[in-house]
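*Asks:* sequence plus the predicted model coming up.
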Amino acid sequence: MGSSASKVKEPPGSYCWSDLPLDLAGIILLRLHTHADHVRFCSVCRHWRYAAKLLHSPSSPPPLPWLNFRDGTFERLADGKRHGLRLEDYEQCRGSFDNWLLLEDVRAGRRSHYLKNPLTGDVVRLPGHCKEPVRRGGDVDARVVPPSSTTFHLRKVVMCANGLIAAKISYHELPDVVVFCWPGMSSWPAGICNGTWYHDIARYKGKMYAVSRRGDLYEHELRRDTSTGEPVVTLVERVILAPLSAEGFPPEAVTTLDGPYAAVVCARTCYLVVSRGKLLMVRWIVPSASARDWADTMAFKVFEADLEMSRWVQLESLNDRVLFVSHDCCKAISAGDHFRGDQIYFVDYGLEFWCIWPTCGKTSTCGVYDMRSNTISPVSPRTTDQTKAAWFFPSINER
């Protein structure tokens with residue numbers, strides 16, 4: 001008795017997510033109403049990231065800030081959810097700027113820095129050497145230093161137009177210099193050291209500006225070296241001199257911009273933020289514990305640069321704008337549906353007053369300052385007033 005075997009129908013061929021047609025990808029993107037959903041869409045595969053870039057439109061939701069805890073963990077401010085973006089074992093996150101992480105390869109003998117977009121995997125290698133700065137000004141340290149060295153500190157990195165990269169660097173513990181490079185260069189060119197410790201830098205209307213603790217604003221003129229092709233700073237000019245006060249301590253940090261705080265022993269730091277075509281300076285003022293009546297207070301003041309009149313103009317309101325400041329990333333966005341205007345989100349655990357006045361234990365280094373009520377509130381329910389983090393604005397945009 002023979003047995004008959006029934007013929008089994010072959011299963012349809014398996015399909016890969018990367019085979020999704022472009023028109024269907026566009027339909028999906030139209031149904032995603034938050035930037036977080038766009039980020040998830042782009043994380044599926046390289047093909048979907050390409051589709052999102054190709055189909056990007058002005059109506060796409062803008063990137064909202066995340067807290068970068070520098071260990072691969074991020075928190076979205078919109079909903080407080082935390083996510084992990086994998087870092088290699090040898091990668092240490094030194095900060096972030098816009099959608100880039102500043103990473104350091106800490107393997108033995110490989111100390112190097114590079115930028116990485118964790119959403120797209122794009123990597124930009126940074127020079128591993130820095131040339132000795134050109135020292136100008138009577139207060140510049142005259143110590144003997146090598147002409148090119150790996151002993152430098154990368155304080156902040158800014159991605160400019162056409163792939164140009166700017167950085168604030170301290171070379172052999174000398175005061176900061178602003179330097180530029182193209183991707184692939186082996187060494188940062190020599191910057192101009194004028195003896196000023198810059199607190200922040202920002203690209204504004206095609207020029208690079210730096211601000212000192214006192215509030216002096218410096219403009220850096222950039223030229224391409226005709227023989228090497230390197231981008232070289234040829235001139236540093238102070239375009240705004242902060243008005244000085246006759247009172248206060250220390251004298252090099254005291255300015256009438258601080259109002260009543262000018263006569264109080266305080267730590268001060270400055271940030272530069274570009275907002276709707278204006279260059280803003282945010283001053284964060286923290287009185288020392290010895291200031292008694294002032295010890296439990298801090299202040300944030302916002303100024304707009306009037307470059308024609310070479311002065312700072314104080315702003316009492318940001319209207320519908322929200323500022324995010326830290327030592328490695330500063331940004332202004334519209335309040336929209338997620339935030340309230342006239343607020344400053346700050347996070348900067350590395351402020352110098354922690355070294356100078358360790359008794360300032362009550363001072364918040366992470367919070368939200370409301371310019372209308374002069375009050376401080378937590379950034380999110382899961383953060384404390386001394387959370388160590390940096391701002392990160394996730395995006396898949398090409399550099």
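*Replies:* In hand now; what should we look at?
*Asks:* pLDDT averaged over stretch 310-322, what's the number?
*Replies:* Per-residue confidence for stretch 310-322 averages out to 95 on the pLDDT scale.
*Asks:* oops, could you answer that again for stretch 99-116 instead?
*Replies:* If you average the pLDDT values across stretch 99-116, you get 85.
*Asks:* list the buried residues for it?
*Replies:* Across stretch 99-116, burial judged by 16 or more other C-beta atoms under 10 Å covers 99, 100, 101, 102, 103, 104, 113, 114, 115, 116. All C-beta atoms are positioned from the backbone trio N, CA, C, and that covers glycine.
*Asks:* possible to save the residues you listed as JSON lines with secondary structure and distance to residue 346?
*Replies:* Formatted as JSON lines, the entries for the buried residues of stretch 99-116 read as follows, by DSSP: H, G, I helix; E, B strand; the rest coil; distance: C-beta to C-beta, whole Å:
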{"residue": "99", "secondary structure": "coil", "distance to residue 346": "20"}
{"residue": "100", "secondary structure": "strand", "distance to residue 346": "21"}
{"residue": "101", "secondary structure": "strand", "distance to residue 346": "20"}
{"residue": "102", "secondary structure": "strand", "distance to residue 346": "19"}
{"residue": "103", "secondary structure": "strand", "distance to residue 346": "24"}
{"residue": "104", "secondary structure": "strand", "distance to residue 346": "25"}
{"residue": "113", "secondary structure": "strand", "distance to residue 346": "25"}
{"residue": "114", "secondary structure": "strand", "distance to residue 346": "27"}
{"residue": "115", "secondary structure": "strand", "distance to residue 346": "24"}
{"residue": "116", "secondary structure": "strand", "distance to residue 346": "25"}
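*Asks:* most widely separated two among those residues?
*Replies:* Comparing all pairs in those by C-beta to C-beta, the longest separation belongs to 99 and 104, at 18.4 Å.
*Asks:* picking that back up, now flag whichever of the buried residues of stretch 99-116 is closest to residue 342.
*Replies:* Checking those against residue 342 with C-beta to C-beta, the nearest one is residue 99 at 26.1 Å.
*Asks:* what separates the closest one from residue 204, distance-wise?
*Replies:* 20 Å (C-beta to C-beta, to the nearest Å).
*Asks:* likewise for residue 261?
*Replies:* Here residue 261 is placed at a distance of 27 Å from residue 204 (C-beta to C-beta).
*Asks:* of those two, who's got more company?
*Replies:* residue 261 (24 against 18; other C-beta atoms under 10 Å).
*Asks:* where does the more buried one land on pLDDT?
*Replies:* What the model reports as pLDDT for residue 261 is 83.
*Asks:* again, but for the one 5 residues further on
*Replies:* Residue-level confidence at residue 266 comes out at 79, pLDDT.
*Asks:* residue 248 too?
*Replies:* Among the per-residue scores, residue 248 holds a pLDDT of 48.
*Asks:* swap in residue 27?
*Replies:* In the predicted model, residue 27 carries a pLDDT score of 60.
*Asks:* next: residue 216.
*Replies:* Predicted confidence (pLDDT) for residue 216: 96.
*Asks:* phi, psi of the residue nearest the centre of the chain?
*Replies:* Of all residues in the chain, the one closest to the mean position by C-alpha atoms, centre = their mean is residue 329, 1.4 Å from it. Residue 329 adopts backbone torsions of phi -160, psi 120, taken as degrees, to the nearest 10.
*Asks:* give me the element residue 273 is part of.
*Replies:* Under DSSP states H and E, the secondary-structure element containing residue 273 is strand 266-275.
*Asks:* and the closest residue to residue 155 other than its chain neighbours, how far is that from residue 274?
*Replies:* Beyond its immediate neighbours in the sequence, the residue positioned closest to residue 155 (C-beta to C-beta, 6 or more residues apart in numbering) is residue 168, lying 4.2 Å away. As defined by C-beta to C-beta, residue 168 lies at a distance of 16 Å from residue 274.
*Asks:* out of these two, which sits in the more crowded spot?
*Replies:* Under the criterion of other C-beta under 10 Å, the comparison of residue 168 against residue 274 puts residue 168 first, with 23 against 16.
*Asks:* appreciated, that's everything.
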